[in-house]
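*Asks:* kindly return the folded structure for what I paste below:
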Amino acid sequence: MPDVAVGLVGVGAWGKLILRDLISLGCAVTVVVRDEGRRRHALESGAVVAVARIEDLPDDLQGIVVATPTATHAEVTEALLSRNVPLFVEKPLTNDATAATRIAERAADRVFVMHKWRYHPGIELLGQIARSEELGPVVGLRTVRVGWGNPHADVDGVWILAPHDISIALEVLGTIPEPHSAVAETVNGTTSGLVALLGDDPWFAFDVSTTHPVRLREIRLICRDGIATLPDPYMDHVLVTRGEILGDVTRDEETRPISTEFPLLRELRAFVEHLEGGPPPRSSAAEGAAEVAVVERLRQLAGLAEAR
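*Replies:* Numbers count the residues shown, from 1 in each chain. Now for the predicted structure:
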């Protein structure tokens, strides 16, 4: 079979990894990047064509991946809609709920959002545990995503980090709970984090920050009869814990093995298979727009002056 012709708009630090994985999946990749040096590097890395403008993309592309800075997602995505091919937009869909809704209404069946955590084998397993109720009904979901620094100059750390955890809630719980409360973390005049509480039964709580000296990523599914935890995204297992928490605090721990294949490769494979006639990838444009609206609402609840 001929290679799948895919466009890639943006070949920055993350876009380079997308290019690598698309090539490994047998795609013929045309990249759009303004910088001449990056165009040259993309060609050296295996891109078949490198152009400076979206307008210069060839007409025979079967799909396009958008990996530009967050603040440009709406403009770039809307500029590509007229091509009538599936678009896979890096999360978040936009940093503007109005624009995200507009895109979802215009191209509900052609725009999808890249949420790699929905393709993480550990998160998929947590979702299976939640749905099966093998540990009893779900009580809540707790996530922590903290570390030091935000390399993205266009938006603050909340826009970079929070969409990950909201997508995890969608994958594990099957829905995004209603926002209830949020507290913002501001350091040196810059919004650096958010602690948020959503929903009631089950509830969802997350903590994101770019001012923590230790990098932590943890997801805990709390159920009536036990806890299922992904302690780190690079672990090869999910930890299932049962036992007493009062008096005799002995506990029974079980490790459930999971694949260590990188989620980025898994989500790009799903997109490429969709271009070849397979089912659509997660997440839909409507889900992406809902996630953006939730981030905006949480920012408002936290008293941030600007939702964006």
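*Asks:* which of the three states applies to H152?
*Replies:* Here H152 is recorded as coil under DSSP: H, G, I helix; E, B strand; the rest coil.
*Asks:* correct me, but it touches L161?
*Replies:* No. Counting by C-beta atoms under 8 Å, H152 does not reach L161; the two are 10.3 Å apart. Any C-beta I mention is one placed from the backbone N, CA and C, and that applies to glycine too.
*Asks:* more neighbours: the two, which one.
*Replies:* Comparing H152 with L161 by other C-beta atoms under 10 Å, the one with more neighbours is L161, at 22 against 17.
*Asks:* check contacts around W117.
*Replies:* For W117, the contacting residues are I123, H164, D165, S167, I168, E171, P263, by C-beta atoms under 8 Å, 6 or more residues apart in numbering.
*Asks:* secondary structure and neighbour count for those residues - can I get that in CSV?
*Replies:* As requested, these are arranged in CSV below (DSSP: H, G, I helix; E, B strand; the rest coil; neighbours: other C-beta atoms under 10 Å):
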residue, secondary structure, neighbour count
I123, helix, 24
H164, helix, 19
D165, helix, 25
S167, helix, 26
I168, helix, 26
E171, helix, 20
P263, helix, 20
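*Asks:* need the max-distance pair from the residues you listed.
*Replies:* By the measure C-beta to C-beta, D165 and P263 form the most distant pair in these, at 14.3 Å.
*Asks:* shaky segments in this structure?
*Replies:* When residues are selected by pLDDT under 70, those of the chain lie in 1-2, 305-308.
*Asks:* please enumerate the helices of it.
*Replies:* For the chain, helices defined by DSSP state H occupy the ranges 13-24, 36-45, 73-80, 97-106, 121-132, 157-173, 263-275, 285-301.
*Asks:* between those helices, which gets nearest to G7?
*Replies:* helix 73-80 (8.2 Å).
*Asks:* the closest one - contacts with which helices or strands?
*Replies:* strand 63-66, strand 87-90, helix 97-106 (3 or more C-beta pairs under 8 Å, 6 or more residues apart in numbering; DSSP states H and E).
*Asks:* hmm, back to that, which one of the contacts of W117 is nearest to R220?
*Replies:* When these are compared against R220 (criterion: C-beta to C-beta), the nearest one is I168, at 10.9 Å.
*Asks:* thinking V113 is in contact with E287, fair?
*Replies:* Yes. Counting by C-beta under 8 Å, V113 touches E287, with 6.9 Å between them.
*Asks:* partners of the nearest residue to A228 once chain neighbours are set aside in the sheet?
*Replies:* Nearest residue to A228, sequence neighbours excluded (C-beta to C-beta, 6 or more residues apart in numbering): L221, at 4.4 Å. Counting by DSSP bridges, L221 forms beta bridges with L141, A228.
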